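Peer 1: Here you go, sequence then predicted model.
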Amino acid sequence: MEADDKPFDGENRGTGACAPETVVWLLTKRCNLTCRHCYVRGRFPGREMTPEEATRVLREIADLGVGHVCFTGGEVLARPDVWGLIEGARAAGLYVSVVTNGTTATSAAADFLARQGVHAYLSIDGAGRAAHEAVRDAGSWEAVLRAAGLFRKAGVRFSAIMTLSRLNHRDAGAFPALAAELGASAACLVPAMPQGAMDRNAVLGPRELAGAVLSALRSAEGAGIDLCLWCVPFAGLLSGSPRLKSLPCRGRWAADIAPDGTLLLCDVLDVPAAGDVRAGFALRWSEAVRNPLLREAYFPEALRGPCASCPEAGRCLGGCFARAYLASGSLSGPDPLCPRAAAGR
């Protein structure tokens, strides 16, 4: 789930009180890279939606009153029908973002994204070639720098996003300065999750994450760029700097769609919130909001342990439920990256 500098104000445009604020849509599981931290690879064996099915579901998402849709993957810009889906989403009044590795970007694609007012998240997994290509494939460093140049020239508003792991976290301190140099509007960090192709032994611990964030924050303050943390709702425990931004994982309705159409609790988890949205997005969403697991995930009734007395409790609401579930099998378990939870206080 993304936490970023997007201008969407978070209010649902429709009248449905429980319409999701954001839809994160894994349009495809296919990708031209084999990134070591990929949380999608090896998951989702079912059939991806056809262009006609995806168009219908998108129309239903807009009709329900959703404000923002994020198209991701896989490499979403390699899916041929993504351009029509973006155009349709914008015509319906949706705010649109895409997450891309940049390798398939062209001048024409950049011009299209700029015309449509799409916010792009460009995956850059290091402050230099060595760290980036230790995570991604050889040759991907030049490709992502070229994409950043195309976006900057076309006027695409984009953020640079780095997935943190033990493979690259030492580059975090130089990453925001690079993002600013490339013309990004923000530098984003997201801790890698132990899912898909990601080796659990390469996932950061709480001290490593805190060190990477604070190092990156110093760079961001020096470069005059915001540092946006994804899936780190306890960010206020790390620093109160106005340059540090984080959007809570909980306390707001959000929907995550798998490539095969399943409505998930979170795109990181193989736990359905409801069935295939091809049967009707509004129908599946109405089922999801009655699912006690979804309610536990997004609106926990009571905080336990160190969360109960935490000064960030009202905003964090117990941390990242997906990471807690992957660590303990419980949506209400402590977030293993939270410094208070790790210290047991």
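Peer 2: Done, it's in.
Peer 1: from here on, contacts and neighbour counts on C-alpha atoms
Peer 2: OK.
Peer 1: what residue ranges in the stretch 1-150 of the chain are flagged as low confidence?
Peer 2: 1-17 (pLDDT under 70).
Peer 1: rerun at 50
Peer 2: 1-16 (pLDDT under 50).
Peer 1: can you map out the strands along it?
Peer 2: 22-26, 68-72, 95-100, 119-123 (DSSP state E, counting those that start in this stretch).
Peer 1: Could you spell out the sheet neighbours of the first one, each with its direction?
Peer 2: To tie it back to what came earlier, the one meant is strand 22-26. Here strand 22-26 is paired, per DSSP bridges, with strand 68-72 (parallel), strand 254-257 (parallel).
Peer 1: would you turn these into CSV with mean neighbour count and distance to Ala148?
Peer 2: Listed next are the strands paired with strand 22-26 as CSV, based on neighbours: other C-alpha atoms under 10 Å; distance: least, C-alpha to C-alpha, whole Å:
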stretch, mean neighbour count, distance to Ala148
strand 68-72, 25, 18
strand 254-257, 24, 27
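Peer 1: closest one to Arg315 among these?
Peer 2: Arg315 lies closest to strand 254-257 among the strands paired with strand 22-26, at 16.1 Å (C-alpha to C-alpha).
Peer 1: can you give me the helices in the stretch 51-200 of the chain?
Peer 2: With helices called from DSSP state H, counting those that start in this stretch, the stretch 51-200 of the chain shows them at 51-64, 82-91, 107-116, 129-135, 140-154, 175-182.
Peer 1: Could you single out the most deeply buried of those?
Peer 2: Of the helices of the stretch 51-200 of the chain, the one with the most neighbours on average (mean count of other C-alpha atoms under 10 Å) is helix 175-182, at a mean of 22.
Peer 1: re the thing from before, can I get the helices of the stretch 51-200 of the chain in a markdown table with distance to Cys320?
Peer 2: Below are these laid out as a markdown table (distance: least, C-alpha to C-alpha, whole Å):
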| stretch | distance to Cys320 |
| --- | --- |
| helix 51-64 | 25 |
| helix 82-91 | 28 |
| helix 107-116 | 31 |
| helix 129-135 | 24 |
| helix 140-154 | 29 |
| helix 175-182 | 24 |
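Peer 1: before we move on, back to that, quick check: which of the strands of the stretch 1-150 of the chain is nearest to Leu269?
Peer 2: Comparing the strands of the stretch 1-150 of the chain by C-alpha to C-alpha, strand 22-26 comes nearest, at 12.4 Å.
Peer 1: got the angle between the closest one and strand 95-100?
Peer 2: Strand 22-26 runs at 30 degrees relative to strand 95-100, counting by axes from the mean of the first three to the mean of the last three C-alpha atoms, to 10 degrees.
Peer 1: buried set for strand 22-26?
Peer 2: 22-26 (16 or more other C-alpha atoms under 10 Å).
Peer 1: got the angle for that strand vs helix 51-64?
Peer 2: Using the same axes, to 10 degrees: strand 22-26 against helix 51-64 is 170 degrees.
Peer 1: What lies in contact with strand 22-26?
Peer 2: 1, 66-74, 76, 253-259, 267 (C-alpha atoms under 8 Å, 6 or more residues apart in numbering).
Peer 1: Show me how far it is from its chain's centre.
Peer 2: 9 Å (C-alpha atoms, centre = their mean, to the nearest Å).
Peer 1: Find the nearest non-adjacent residue to Ala308, please.
Peer 2: Excluding the flanking residues, the one nearest Ala308 by C-alpha to C-alpha, 6 or more residues apart in numbering is Ala302, at 7.9 Å.
Peer 1: Count the residues that sit near that neighbour.
Peer 2: For Ala302, the tally of surrounding residues (other C-alpha atoms under 10 Å) stands at 11.
Peer 1: Same question for Ala288.
Peer 2: Residues within reach of Ala288, counting by other C-alpha under 10 Å, total 21.
Peer 1: Could you do Ser219 as well?
Peer 2: Residues near Ser219, counting by other C-alpha under 10 Å, number 22.
Peer 1: Longest strand of this protein, counting residues only.
Peer 2: Scanning the chain for the longest strand, with DSSP state E as the assignment, gives strand 157-164.
Peer 1: wait, isn't Val268 in contact with Ala322?
Peer 2: Yes - if you go by C-alpha atoms under 8 Å, Val268 and Ala322 touch, sitting 6.7 Å apart.
Peer 1: the more surrounded of those two?
Peer 2: Counted by other C-alpha under 10 Å, Val268 and Ala322 do not tie: Ala322 has more neighbours, with 26 against 19.
Peer 1: Next up, identify which helix or strand the more buried one is on.
Peer 2: helix 321-328 (DSSP states H and E).
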